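Student: kindly return the folded structure for what I paste below:
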Amino acid sequence: MNLTTTVDQKQLLDILLNVGLVRPIFIWGAPGIGKSAIVEQFAEQVGLSCVSLLGSQLAPEDIIGVPQITDGRSVFCPPRMIARDEPYCLFLDELNACSQEVQKAFYSLILERRVGEYHLPEGSIVVGAGNRAQDNAITRPMSSALLNRMFHVELRADARLWLEWAAQNGIHPWIYAYICARPDQLWSPAPKTEEPFSTPRSWHMLSDAIYSYGEQLTDREMSILANGCLTAAHAAQFCAYVRQVRGQYSLHKILSGEQRWPDKPEERDILYFLAQSLRAQLLKELPRNRGQLSGEARQLAARAKELLLELSNISLEIAQMTVTPEGEDTLPAWFLAEVVRELPVLAKRQG
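Tutor: Model prediction:
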């Protein structure tokens, strides 16, 4: 499914509260970004119980039921989980992972809210969800007939909204503070190989693991936990961040001049994390157009040039990585031009 627009968690909830009440909705999205949680929240808000069926684990008889002879005629008896007396929200998760036979069984359920002779109670709601083909998850082509029976929407991960949720749901302070500094690492695309990758769900899982270990968690144990949940690069930087917190290093203090870059060989991972944090702050605070510079942004740019020079004296490689473009994340051209022009001057002045 190729949709031209995506929605965040709040926008999806609004769609469910409006369109979902009158038409079946299919939610597309990468694994672990909160599709199921939003459907459960929606069901709670409209006062319905939520019944989840996992498409990848269903057979046709799990939907249409098994035949029973009544008065000399066969009648299909749908399963108790579906055949309920009160209205409810039926959530068909991983719908596009089920076989073609199971998809056929869903036709009347999705369009007419009916399974054989059984009709869902008035006021019941049907919502489907599934991963995209590019997510390296179990997916099967959906027939055009099934696609055309639903309203389609694609969910994207939104760091700001996730942080709002995290603050209210006890996510570990280290993780909360880290995603505040590096919101770009909340989610990463699923890799082509079998390895962990970062999603809102995996950060939540890491939070639970850290809490379970408690305050005596060692750096080695932290590395094992992080690498068991996150994209490898994110895991390394998060571990460096935790070491930085424990060692009382702070980008804020480095920017203000209270601290200097860590320069010990055993602190190289912390140095890399702090340098990437500086890059993230520059991307956030510096405008693309130099004419839009505020006083604070001008001070940040000037201090950043000094810090880049100091950083290059410790590790030229890390300094270069700090200003090197990464995909669409490119520092403003005017800032890069000033860095090239002014660093030699700063070097002579400090020398």
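
Student: so where do the strands sit in the stretch 251-351 of the chain?
Tutor: In the stretch 251-351 of the chain, no segments count as strands under DSSP state E, counting those that start in this stretch.

Student: show me where it dips below the pLDDT cut-off.
Tutor: 327-328, 345-351 (pLDDT under 70).

Student: and the chain, by the same measure?
Tutor: 1, 64-67, 72, 74-76, 327-328, 345-351.

Student: in it, which helix has the most residues?
Tutor: Longest helix of the chain, by residue count under DSSP state H: helix 295-314.

Student: that helix - contacts with which helices or strands?
Tutor: Under the contact criterion of 3 or more Cβ pairs under 8 Å, 6 or more residues apart in numbering; DSSP states H and E, helix 295-314 touches helix 251-256, helix 268-285, helix 316-323, helix 333-350. Any C-beta I mention is one placed from the backbone N, CA and C, and that applies to glycine too.

Student: what is the end-to-end distance of stretch 182-189?
Tutor: In stretch 182-189, first residue to last residue: 16 Å (Cα to Cα, to the nearest Å).

Student: kindly apply the preceding question to stretch 79-99 instead.
Tutor: For stretch 79-99, the separation between the terminal residues is 19 Å (Cα to Cα).

Student: list the buried residues for that stretch?
Tutor: Judged by neighbour count (16 or more other Cβ atoms under 10 Å), stretch 79-99 contains these buried residues: 82, 84, 88-98.

Student: likewise for stretch 254-271?
Tutor: In stretch 254-271, the ones that count as buried by 16+ other Cβ under 10 Å are 254-255, 261-262, 267, 269-271.

Student: pull the most distant pair out of those residues.
Tutor: Pairwise distances across those peak at 20.0 Å for 255 and 269 (criterion: Cβ to Cβ).

Student: related to what we said a few turns ago, tilt between the longest helix of the chain and helix 268-285?
Tutor: Inter-element angle recorded for helix 295-314 and helix 268-285: 150 degrees (by axes from the mean of the first three to the mean of the last three Cα atoms, to 10 degrees).

Student: can you give me how far helix 295-314 is from the chain middle?
Tutor: Here the centre of helix 295-314 is set off from its chain's centre by 31 Å, with Cα atoms, centre = their mean, to the nearest Å.

Student: how about residue 159, what does it touch?
Tutor: 179, 183-184, 186 (Cβ atoms under 8 Å, 6 or more residues apart in numbering).

Student: of these, closest to residue 151?
Tutor: Distances from residue 151 to the contacts of residue 159, taken by Cβ to Cβ, are shortest for residue 186, at 26.6 Å.

Student: the closest one contacts residue 197, correct?
Tutor: No - assessed by Cβ atoms under 8 Å, residue 186 is found out of contact with residue 197, at 11.6 Å.

Student: where do the helices sit along the stretch 1-150 of the chain?
Tutor: Ranges of helices within the stretch 1-150 of the chain are 9-18, 35-45, 61-64, 100-112, 144-147, based on DSSP state H, counting those that start in this stretch.

Student: which one of those helices lies nearest to residue 307?
Tutor: Closest approach to residue 307 among the helices of the stretch 1-150 of the chain (Cβ to Cβ): helix 9-18, 35.9 Å.

Student: quick one, the closest one and helix 35-45 angle?
Tutor: With the same axes, to 10 degrees defining the directions, helix 9-18 sits at 50 degrees from helix 35-45.

Student: contacts for helix 9-18?
Tutor: Contacts for helix 9-18 (Cβ under 8 Å, 6+ apart): 7, 25, 27, 34, 38-39, 41-42, 45-46, 127, 151, 153, 155, 158, 161-162, 165.

Student: swap the cut-off to 6 Å and go again
Tutor: Here helix 9-18 makes contact (Cβ atoms under 6 Å, 6 or more residues apart in numbering) with 38, 42, 153, 155, 161.

Student: list the buried residues in that helix.
Tutor: Applying a neighbour-count criterion of 16+ other Cβ under 10 Å, one finds 9, 11-13, 15-16 buried in helix 9-18.

Student: one more: stretch 309-320?
Tutor: Going by neighbour count (16+ other Cβ under 10 Å), the buried part of stretch 309-320 is 309-312, 314-315, 318-319.
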